[in-house]
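1. Okay, here's the prediction I keep looking at, along with the sequence it came from:
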Amino acid sequence: MALKIDNATNNAQYAITKHRAGYTGEVELKPKIFKEVIRVVKDSFAQDLSQGHLQKMIYGSSLLLVVSRADTNVKVGVASLSYEDKECYFSCAAIVKSERGNGLYYVMNRLRIKDGLSRGYTAFTVLTQNPKVERSIDRAMETLREEGLIAGHDVKRELIRKCYRRMLTDEVPKSSDERINNAFSTINYKKGDAFQITFSVKPRTLRSFFSF
């Protein structure tokens, strides 16, 4: 799928490919693509992640989205989704620094939510230290409500102490929503606190959702 995201300072066109877990229960990637995905993830986080953690994050997903620049085919973003018993878990999302601010994270969230909805899931969970994550998912949910695909959604945060054991970003992140920023101000970044956030969707009607 190719999509164009217009940005005031950087109009760019991207291609998004999806990779699903096969019969082994793991996502299968060619070695070259896996190497590129690892590069994207490492570029996105301040702290080094172990190779084992990276492999679990990527191969252990139910769905992996990989974003490339359409002009160069260079991989610039990745997002994964895991289908668990009663919820969809947003297990990973990363965008290289040079491509941030172009709306890619919002687009990947919207696609992940629609994919989960198409399979009957109504609960989406993410573990994060970043209020921008909650804001982007919330915005994607609002767009789906405006499009008539859902009736609305509720948000529940659960504070998880020291789950990361460190701060994952160079600086304390801030979103455009001060209400969300205030909620995140209660966590201890240096000790690795995070919120487990669950977005519960209120279905509007039983209808078909189109995958991309």
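-> Ah, there it is.
2. host element of the nearest residue to Arg157 once chain neighbours are set aside?
-> Closest residue in space to Arg157, ignoring its immediate chain neighbours: Phe195 at 4.6 Å, by Cβ to Cβ, 6 or more residues apart in numbering. (Each C-beta comes from the backbone N, C-alpha and C, glycine too.) According to DSSP states H and E, Phe195 maps onto strand 194-203.
3. Can you spell out which helices and strands pack onto that strand?
-> strand 123-128, helix 131-146, strand 150-160 (3 or more Cβ pairs under 8 Å, 6 or more residues apart in numbering; DSSP states H and E).
4. doesn't Leu127 make contact with the residue nearest to Arg157?
-> Yes: between Phe195 and Leu127 a contact is recorded at 7.4 Å, counting by Cβ atoms under 8 Å.
5. Overlap in contacts, these two.
-> Jointly contacting Phe195 and Leu127 under the rule Cβ atoms under 8 Å, 6 or more residues apart in numbering are Ile160.
6. Which one of those two is surrounded by more residues?
-> It is Phe195, of Phe195 and Leu127, that has more neighbours when counted by other Cβ atoms under 10 Å, with 24 against 16.
7. Next one, pLDDT for Gly60 please.
-> pLDDT for Gly60: 78.
8. Ok, Gly116 next?
-> Gly116 is given a pLDDT of 94.
9. Show the low-confidence segments of this protein, by residue range.
-> Filtered on pLDDT under 70, the chain yields the residue ranges 1-12, 45-54, 205-212.
10. how close does the closest residue to Asn73 other than its chain neighbours get to Ala93?
-> What sits nearest to Asn73 in space, not counting adjacent residues and going by Cβ to Cβ, 6+ apart, is Ala15, at 7.7 Å. For Ala15, the distance to Ala93 equals 17 Å [Cβ to Cβ, to the nearest Å].
11. So the two - more neighbours on which side?
-> Ala93 (24 against 15).
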